[in-house]
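Chemist: dropping a prediction and its sequence here:
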Amino acid sequence: MREWLETASFLVTVIGLLFARRMARRVTNLSRATRRVAAGDLDVAVEPRGRDEIGQLHRDFNEMVAELRRNRAQIAYLQKISAWQEVARRLAHEIKNPLTPIQLSMQEVQQKYPGDDPRYRKLLDEASEIVKEEIDGLRRQVEAFSAFAKLPQVQLEPED
């Protein structure tokens, strides 16, 4: 009977050690993956084995990393939008500045011409109309750029 108890005790110890080693390996894999995420690697995943708490922890970890990937992609997208807003704002400013002086100069040339030559007057009127239409088109574009530049600014906030 004593031999049987010693053998059973030995087997229980071996089984316990194997079980503990298996659990420790799963926790170690999760720990390695966590360090990789902390270093910025969001392509890491752990294989969820089992339906126990450690397996659920692996699934939750993978879900968390996927959410971090989505958030990183969204932040990058918002940063690009913000950069384009700045480009649009500057472009609108650079286009808008010379429009009024161009329009006023054309009007002044048209008004100062005494109108001695009807062909030249017609050419001047046509040129003035073309300049006015182009300036109006540029102003519409400036308004569109300005509207895009005025979209709400990206407000990054920490998230749990």
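Modeler: Happy to help now that I have it. Residues are numbered from 1 along each chain as shown.

Chemist: rest of the way, CA atoms for contacts and neighbours
Modeler: Will do.

Chemist: any idea how far the longest helix anywhere in the chain is from the chain center?
Modeler: Longest helix of the chain, by residue count under DSSP state H: helix 53-112. Relative to the chain's own centre, helix 53-112 is displaced by 9 Å; criterion: CA atoms, centre = their mean, to the nearest Å.

Chemist: ok, stretch 19-33 next?
Modeler: Worked out by CA atoms, centre = their mean, stretch 19-33 lies 35 Å from the chain centre.

Chemist: repeat for stretch 105-119
Modeler: For stretch 105-119, the separation from the chain centroid amounts to 53 Å (computed by CA atoms, centre = their mean).

Chemist: in that stretch, which residues are buried?
Modeler: Of the residues in stretch 105-119, Met106, Gln107, Gln110 count as buried by neighbour count, 16 or more other CA atoms under 10 Å.

Chemist: stretch 75-83 now?
Modeler: Quick answer for stretch 75-83 (16+ other CA under 10 Å): Leu78, Ile81, Ser82.

Chemist: now stretch 90-97
Modeler: Leu91, Ala92, Lys96.

Chemist: turn the buried residues of stretch 75-83 into TSV, including distance to Ala149.
Modeler: Listed next are these as TSV, based on distance: CA to CA, whole Å:
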residue	distance to Ala149
Leu78	13
Ile81	9
Ser82	8
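
Chemist: quick revisit: by contact count, what packs against the longest helix of the chain?
Modeler: helix 2-38, helix 118-149 (3 or more CA pairs under 8 Å, 6 or more residues apart in numbering; DSSP states H and E).

Chemist: and stretch 114-130, average pLDDT?
Modeler: Here stretch 114-130 scores 91 as its mean pLDDT.

Chemist: which residues touch it?
Modeler: Met106, Gln107, Gln110, Tyr113 (CA atoms under 8 Å, 6 or more residues apart in numbering).

Chemist: just stretch 24-36 next, same as before
Modeler: Leu42, Val44, Ala45, Val46, Ile54, His58.

Chemist: at 7 Å what do you get?
Modeler: Around stretch 24-36, the neighbours that count as contacts under CA atoms under 7 Å, 6 or more residues apart in numbering are Val44, Ala45, Val46, His58.

Chemist: neighbours around the third one, how many?
Modeler: By other CA atoms under 10 Å, the residues close to Val46 number 18.

Chemist: now Ala45: phi and psi?
Modeler: phi -150, psi 150 (degrees, to the nearest 10).

Chemist: surely it is in contact with Asn62?
Modeler: Yes - the pair Ala45 / Asn62 is scored as a contact, 5.6 Å apart, by CA atoms under 7 Å.
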